[in-house]
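In: Give the three-dimensional model of this entry:
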Amino acid sequence: MSDMATEVPLFEAVIVPHRSLSRRGLVGLIAAVGAASGLTALLFFLLGAWPVAGFSGAEIVLAAVLIRAHARVARESEVVLLSARRLRVIRTDRKGARRESVLDPSWLRVELRERPGRVPALLLAGPRQQHEIATRLGEAEKRDLAEALAEALYAWRNPRFDNPQLREAPPRGDP
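Out: Okay, here's the model as predicted:
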């Protein structure tokens, strides 16, 4: 068995874009937009403004293309895994291609770089490297992830050992 398969994650975060609709919901939305636009086109056609029907048809096609493009972006994901030996960032793009970055957590810092008027960037910064993660998350989610990942890295660097022999003995009664 490989080392990758035997590693136990100490921290794991799965980051996916917000998915507002299921596949069935997307089909329903496209059908509703198509029906509304089709009824509008039919009304204008019956009133004698037949060129509007062509524009309505183009509107239906454009709406369907944009909704499908939005659904494809929803396939993206990012997984941040901290194990005893490494921090891995696994990205899956909208086409299903996976890229993996392996980082040494010894010197990593979690930084939130503020950007005026925009959501801050969440960076994993090391001595000679910077990796931006969680690009699809909102500000509150990025702040929560940054705090949780910083705590996990701190716990990784400062392990707590519990040795029962070193615990203080309970006070004994007077002899």
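In: and the closest residue to residue 103 other than its chain neighbours, what does it touch?
Out: Spatially, and ignoring its direct neighbours in sequence, residue 103 is nearest to residue 87 (4.6 Å; CB to CB, 6 or more residues apart in numbering). To be clear about C-beta, it is placed using only N, CA and C from the backbone, and glycine gets the same treatment. Each residue near residue 87 by CB atoms under 8 Å, 6 or more residues apart in numbering is listed here: 80, 81, 102, 103, 104, 105, 108, 124, 153.
In: mind running it again at 10 Å?
Out: Applying CB atoms under 10 Å, 6 or more residues apart in numbering, we find residue 87 in contact with 10-11, 80-81, 101-106, 108, 124, 126, 131, 149, 152-153, 156.
In: okay, residue 2: pLDDT?
Out: The confidence metric pLDDT takes the value 51 at residue 2.
In: Now do the helices in this structure.
Out: Under the criterion DSSP state H, the chain carries helices at the ranges 3-6, 23-46, 51-73, 139-157.
In: so can I have a markdown table of the ones you listed showing mean neighbour count?
Out: Below are these laid out as a markdown table (neighbours: other CB atoms under 10 Å):
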| stretch | mean neighbour count |
| --- | --- |
| helix 3-6 | 9 |
| helix 23-46 | 14 |
| helix 51-73 | 14 |
| helix 139-157 | 15 |
